[in-house]
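> here is my input; please provide its structure:
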Amino acid sequence: MIRKATKEDLSIITEIEKYSFESSDRFSSRVIRYHIKKEKTFVITKDGTVIGYMILVYYKSNIRIYSIAILPQFRKKGYGTKLILHALDIAKKMHKKYLSLEVNVHNKRAIALYETIGFIKQCRIQKYYHGKVDAYKMHRFVKNGNIG
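Numbering: from 1, shown residues only. Next comes the predicted model:
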């Protein structure tokens, strides 16, 4: 099940961050709390337990997946795909043109997932992560109110 995150989810989202990102790439509890309060954070649960999350940022013509992560033991089971499809559904309902994200160029597994869902590489951003590591900017169009 996917639902909006609540303040009670803050500790598990912070824990998922620790399992998913290098310390320099993790969001602080303050940043996560802000996005939860703004109702821009979603969690996915299995048997009532939070196993992943996604933070969205809304712009005039698009929605950006600001962060997405799944606990390691639940990866490669379709939960990340479900979160992304949920974001696409929100984009459709809000009449957005596209969904976007940035991904580390070395994260082959994530890139493959995004491409499977229909994302395409828009450009390479030099030294995006901490002035050292490049990222791909990727997007997926939402066409005519339908996920395209």
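> am I right that Ser11 is in a helix?
Yes: assessed with DSSP: H, G, I helix; E, B strand; the rest coil, Ser11 lies in a helix.
> what is the burial count for it?
12 (other CB atoms under 10 Å). (Glycine included, C-beta is placed from N, CA and C.)
> that one and Leu88: what is the separation?
28 Å (CB to CB, to the nearest Å).
> check Leu99 too.
6 Å.
> who's more crowded, these two?
Under the criterion of other CB under 10 Å, the comparison of Leu99 against Leu88 puts Leu99 first, with 26 against 22.
> show me what contacts that one?
62-65, 84, 87-88, 91, 119, 139-140, 142 (CB atoms under 8 Å, 6 or more residues apart in numbering).
> pLDDT score for His27?
Quick fix: residue 27 is Phe, not His. Looking at Phe27, its pLDDT stands at 88.
> now swap in Lys143 and tell me
Reading off the confidence values, Lys143 has pLDDT 75.
> so it bridges to which residues?
Asn146 (DSSP bridges).
> tally up the residues packed near it, please.
10.
> again, but for Tyr66
Count around Tyr66 with other CB under 10 Å applied: 17.
> ok, Asn62 next?
Residues near Asn62, counting by other CB under 10 Å: 18.
> repeat for Lys82
Neighbours of Lys82 (other CB under 10 Å): 15.
> tell me the SS of it?
Lys82 ends up helix, using three-state DSSP.
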